[in-house]
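In: could you work out the structure for the sequence below:
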Amino acid sequence: MTETQDPDEGGTRLSAEDVDRFNPRPGRIAPGLHLVSTPIGAARDITLRALDLFAGADVLAAEDTRTLRRLMEIHGVPVNGRPLIAYHDHNGAQVRPRIMGLLAEGKSVAYASEAGTPLVADPGFQLARAAIAEGHPVLAAPGASAVLTALAVGGLPSDRFCFLGFPPSQGAARTTWLDEVSAIPATLVIYESPKRIHKLLAELGEKGERDAALCRELTKRFEEVIRGKLSDVAAAIDGRDLKGEIVLLLGRLEARGTEMDLDEALKTAMASESLREAVATVTEATGLPRRQVYQRALALAKEGS
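Out: Residues are numbered from 1 along each chain as shown. A predicted model of the protein is given here:
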């Protein structure tokens, strides 16, 4: 067996078969499901590996076959009579068995969502899960992602972030979601519709002030990034009829109380509530980290015992 050295792996020895698997060339695509990232805007953001997969896979599958066909045309990659299967949230249950059958025959299937990385707020999760459950190889060709692009240009801390996808559109689920995510100690990455972004900013503003960046139409012609406090961002788009894809970044909630305020708030809450209930009440009221509030509550309880 011939071996070679992969410089990206710090000297790891790879077999020739592994080189073909992870660095495919047209006509030599390994069997299995290949999840292929595609541009979120600029067509030239495609990777060479993605083009190799599209050129050499036995079967092509896509959330929107028209979008994939157009992308391939732009880059001169012909379909050449290969199956081009539409797979999305509305037909997944019907189409998955067909794709599983093709994988069972040892075919290579390249799947692309309409834009960005498959499975990241895009269809493909159940497809990948089914392939894994049946023992088929599942590989990813990384590339464009609105999440990472927004983090790169937003100017908020990226050492710890939480991707939340789209918020629930309404009702109790949305209220619960707003309560839960507001306390997460990390930069939040949220997708939202331009029709609902004004409402979301207003609701988030009720939870407290924080740094924010609204990223719209990333990598496209009318790309726009609005940075500032949450209230500033809301004011900047007030009255505007926005269009296009939006990624909203949120920093941590700013503390709304001093240490003296914290003690007073805890003493008041603990007079009528259990320690756990008091911590929850004061954390919500002050915007301080729960751990800080909890530790101070324990200290106060010990002093009073």
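In: only the buried residues of stretch 62-82, if you could.
Out: Residues 62-65, 68, 71-72, 77 are the ones in stretch 62-82 that count as buried (16 or more other C-beta atoms under 10 Å). Backbone N, C-alpha and C define where each C-beta goes, glycine included.
In: most widely separated two among those?
Out: Pairwise distances across these (C-beta to C-beta) peak at 17.8 Å, for the pair Glu63 and Val77.
In: before we move on, back to that, quick one: which of the buried residues of stretch 62-82 sit in helices?
Out: Mapping those onto helices (DSSP state H) picks out 65, 68, 71-72.
In: just the strands in the stretch 51-200 of the chain please.
Out: 59-62, 84-86, 108-112, 138-141, 161-165, 187-192 (DSSP state E, counting those that start in this stretch).
In: so for stretch 70-83, first residue to last residue, what's the gap.
Out: 16 Å (C-alpha to C-alpha, to the nearest Å).
In: stretch 194-214 too?
Out: Terminal-residue distance, stretch 194-214 (C-alpha to C-alpha): 11 Å.
In: ok now that stretch, how far from the chain's centre?
Out: Chain-centre distance of stretch 194-214: 18 Å, with C-alpha atoms, centre = their mean, to the nearest Å.
In: give me the buried positions along it.
Out: Of the residues in stretch 194-214, 194, 196-198, 200-201, 203-205, 207-214 count as buried by neighbour count, 16+ other C-beta under 10 Å.
In: ok, and what's touching stretch 218-233?
Out: 39-42, 45, 144, 146, 149-150, 153-155, 201, 204-205, 209-217, 236-237, 244-245, 247, 250 (C-beta atoms under 8 Å, 6 or more residues apart in numbering).
In: hang on, the earlier thing: I'd like the buried residues of stretch 62-82 laid out as CSV, including distance to Leu127 and pLDDT.
Out: What follows is the buried residues of stretch 62-82, written out as CSV (distance: C-beta to C-beta, whole Å; pLDDT from 0 to 100):
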residue, distance to Leu127, pLDDT
Ala62, 11, 97
Glu63, 10, 96
Asp64, 15, 96
Thr65, 15, 97
Leu68, 15, 97
Leu71, 19, 97
Met72, 20, 97
Val77, 22, 97
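In: can I get the strands of the stretch 51-200 of the chain in TSV with distance to Ile99?
Out: Converted to TSV, these look like this (distance: least, C-beta to C-beta, whole Å):
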stretch	distance to Ile99
strand 59-62	6
strand 84-86	7
strand 108-112	6
strand 138-141	12
strand 161-165	24
strand 187-192	26
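In: highest mean neighbour count out of those strands?
Out: strand 108-112 (a mean of 27; mean count of other C-beta atoms under 10 Å).
In: so where do the helices sit in the stretch 1-150 of the chain?
Out: For the stretch 1-150 of the chain, the helices defined by DSSP state H, counting those that start in this stretch occupy 16-22, 48-56, 65-74, 92-104, 125-133, 146-154.
In: packing partners for the last one?
Out: The contact analysis (3 or more C-beta pairs under 8 Å, 6 or more residues apart in numbering; DSSP states H and E) places helix 146-154 against strand 187-192, strand 211-216, strand 224-229, strand 246-250.
In: contacting residues around Ala104?
Out: 134, 136.
In: how much space between it and Asp238?
Out: Relative to Asp238, Ala104 is positioned 55 Å away (C-beta to C-beta, to the nearest Å).
In: one step back: tell me which of the buried residues of stretch 62-82 is nearest to Leu33?
Out: Looking across those and measuring by C-beta to C-beta, the closest to Leu33 is Ala62, at 13.0 Å.
In: wait, doesn't that closest one sit right on Ser113?
Out: Yes. Here Ala62 reaches Ser113: they are 7.5 Å apart, a contact under C-beta atoms under 8 Å.
In: for stretch 232-251, give the mean pLDDT please.
Out: Computed over stretch 232-251, the mean pLDDT rounds to 96.
In: now do that stretch: distance from first to last residue.
Out: Across stretch 232-251, first to last residue, C-alpha to C-alpha, it's 14 Å.
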